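[1] Kindly generate the corresponding structure for this input.
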Amino acid sequence: MQLDMEHQAEVTKKPSGGWKVWRIINLLLGVFFMLAALVNLNDSDWYLWMPVYGVSASLCLPLVLKPQWSVSKVWNTVVTIHFTMCLAYAVYQVVLLFEAIKGELKNPLEQEEGREMGGLLIIIAWTSIARFTTVGRPVHASNKQMMNALLLITVTLTFIPLLTWSLCYVGDWHTRLGHCKGMF
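    All right, here's what the predicted structure looks like:
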């Protein structure tokens, strides 16, 4: 009983500065996931990728509005199921990618399967950090340095896809960058 009251008191504490960063990260990732879902509208397998990115964007929303929701059983269950399904599909996607590159050593982002695999890796990394660590959660981290490192990784993972995607819209770079092929 005492532990439940202490846990509840911690959950209702005012968010710290780290929560502000976590909210911004989830806002940016939510925007990225939503844009990725919209880009896949014209894809032949849109019925797979719209839900994958749409669910990811939807899972970011509660963390932007109220980070304390990350301790709810419903949110944790949905994230765990989404993580597991994306992980399973990533295994299948690796097989498709190897078939597409036919054993040659080339940039996997030049192939649609490689770009899809990249999206899955971003989702898997985000869901694993959001669900299985204390980053952004209203609990005291036992190893502050580890949590800071994970926060740095999360910030980096947030900006890399947005940056690489935006490079496709700079001048005629989309003709020179392998990951932009097939976007226009």
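
[2] the bottom helix or strand of this protein by mean pLDDT?
    Of the helices and strands making up the chain, the lowest-confidence element is helix 2-11, at a mean of 45, by mean pLDDT, DSSP states H and E.

[3] C-alpha coordinates for the helix or strand following that one, CSV please?
    Using DSSP states H and E, the helix or strand that follows helix 2-11 towards the C-terminus is helix 17-39. C-alpha atoms of helix 17-39 as CSV (Å, rounded to 0.1, in the frame of the first residue of the first chain):
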residue,chain,number,x,y,z
GLY,A,17,13.2,19.6,-17.9
GLY,A,18,13.9,16.2,-19.4
TRP,A,19,10.2,15.7,-19.9
LYS,A,20,10.1,18.9,-22.1
VAL,A,21,12.9,17.4,-24.3
TRP,A,22,10.9,14.1,-24.4
ARG,A,23,7.8,15.9,-25.4
ILE,A,24,9.6,17.7,-28.2
ILE,A,25,11.2,14.5,-29.4
ASN,A,26,7.8,12.8,-29.5
LEU,A,27,6.2,15.8,-31.3
LEU,A,28,8.9,15.7,-34.0
LEU,A,29,8.7,11.9,-34.3
GLY,A,30,4.9,12.1,-34.4
VAL,A,31,5.1,14.6,-37.3
PHE,A,32,7.6,12.4,-39.1
PHE,A,33,5.5,9.3,-38.7
MET,A,34,2.4,11.1,-39.9
LEU,A,35,4.2,12.5,-42.9
ALA,A,36,5.6,9.0,-43.7
ALA,A,37,2.1,7.6,-43.5
LEU,A,38,0.8,10.3,-45.9
VAL,A,39,3.7,9.7,-48.3
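
[4] what residues are up against residue 113?
    Residue 113 makes contact with 93, 96-97, 99-100, according to C-beta atoms under 8 Å, 6 or more residues apart in numbering. C-beta here means a position set from N, CA and C on the backbone, and glycine is covered the same way.

[5] Assess the claim that residue 151 and residue 135 are in contact.
    Yes: using C-beta atoms under 8 Å, residue 151 is in contact with residue 135, at 5.6 Å.

[6] Any regions of the protein where pLDDT drops low?
    Within the chain, the segments meeting pLDDT under 70 span 1-18, 103, 105, 136-150, 152-153, 156, 176-179, 181-184.

[7] And the helices in it, which stretches?
    Applying DSSP state H to the chain gives helices spanning 2-11, 17-39, 46-65, 73-101, 112-132, 144-167.
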